[in-house]
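# With the sequence up front, the predicted model follows.
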Amino acid sequence: MDADRAGRTLRRLTTPRAAALAGVLFAVLGGASILLMALLPRDPGAGTEWIRSGASQVRLALTLTPFAGLAFLWFIGVVRDRFGELEDRFFSTVLLGSGLLFLAMYFAAMSIAGGLVSSPVPDGPAYSVEVIRFGRSIMVQTFNVFALKMAGTFMISLGIMWLRTGLMPRWLAVVTWIGAAVLIVTVSQDLFLFLVFPGWVLLVSVVHLLRTSRGLVADAG
C-alpha cells in the first residue's frame, strides 16, 4: 500500500467551484416545482377533473424535484465548506439535520402529489373527490407545516453561525432570521409561502458568488 502511494501524487479533495452555483440551481428548479404546484386549483371539489387538468403540471414538477434536491445537497455542502475550521459541531448538526429533514419532507409532499396523478385505470385517475381532497390536504400539510418549519430551522442555524463567525455580512444574517421567522410562525395553506425559501437560497448564493469572485480577483491582483 505504501509503495503504491509512493508512486503517485495524492491530492486533497476540494469543493469544485461550480458547486457554488448549486444554490442558484435549487432556487430555479425547486422554486419552479413549487410554483407549478401552487398554481393548481386550491379547491378540488370539482371532482376528478381537478387532478386530470393538472396532471401534466404535476408531472413536470415531479421531474424537476430530484434535480432540485440534488442541487440543495450541494448547497449544504458549499455552505459547510465555507466555514472550514470555524464550523461548530452543535450548530452544524442542527444545520445538517434540518436541511436533510426539509429535503425529505419536500420529496414526501411531491410523492403524494405524484400518487394523485398516477393512473390506476387506462383512461386516467379513478379517485373520488374525498380521496383527492385528503391527498391534497396531506401534501399541503407536509409542505407548509413540516418542510417549512425545517427550512426555518435551517435558516436560523445558519444565521447564528454567520453572525458569530462574521463569515457573511451582518445584514444577511438579519434577513435570514426575518425569513425564518416568517416560515416558522406563519400558519397558511398557501403554497406560495414556500417560495420564500428558494428565494432566500438564491440571495445567499448570489452573495456567496460575489464574495468568491472578489476574492479570486484580489488573489490574482
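In hand now; what should we look at?
# Which neighbouring elements make contact with the helix or strand where L100 lies?
Element membership for L100, per DSSP states H and E: helix 89-117. Applying 3 or more CB pairs under 8 Å, 6 or more residues apart in numbering; DSSP states H and E, we find helix 89-117 packed against helix 22-38, helix 55-83, helix 129-141, helix 148-165. Heads up, the C-betas are built off the backbone N, CA and C, glycines and all.
# again, 6 Å this time
Helices and strands touching helix 89-117, by 3 or more CB pairs under 6 Å, 6 or more residues apart in numbering; DSSP states H and E, are helix 55-83, helix 129-141, helix 148-165.
# among the ones you listed, which gets the worst mean confidence?
With a mean of 81, helix 129-141 has the lowest mean pLDDT of the helices and strands packed on helix 89-117.
# Name the residue closest to the centre of this structure, please.
Nearest residue to the geometric centre of the chain (CA atoms, centre = their mean): F72, 5.3 Å.
# That one: what's it in contact with?
By CB atoms under 6 Å, 6 or more residues apart in numbering, F72 lies in contact with F26, L103.
# Please repeat the previous calculation with a cut-off of 8 Å.
Neighbouring residues of F72 by CB atoms under 8 Å, 6 or more residues apart in numbering: A22, F26, G30, G99, L103, V201.
# export those to TSV and tack on distance to V79?
Listed next are the contacts of F72 as TSV, based on distance: CB to CB, whole Å:
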residue	distance to V79
A22	10
F26	12
G30	16
G99	9
L103	14
V201	10
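# Going by distance to W177, which of those wins?
V201 (15.3 Å; CB to CB).
# tell me the pLDDT at that closest one?
Turning to V201, the model gives it a pLDDT of 94.
# Could you list the buried residues of the host helix or strand of it?
Under the criterion of DSSP H and E, V201 resides in helix 196-220. Buried residues in helix 196-220, counting neighbours by 16 or more other CB atoms under 10 Å, are found at V196, F197, P198, W200, V201, L202, L203, V204, S205, V207, H208.
# picking that back up, what separation do you get for the residue nearest to the centre of the chain and G166?
25 Å (CB to CB, to the nearest Å).
# looking at the chain, which helix or strand does the model trust least?
Lowest on mean pLDDT, DSSP states H and E among the helices and strands of the chain sits helix 2-6, with a mean of 51.
# And for L183, nearest residue in space, chain neighbours not counted?
Leaving aside its sequence neighbours, L183 sits nearest to G152 (CB to CB, 6 or more residues apart in numbering; 3.8 Å).
# Before I go, just wanted to say thanks for your time.
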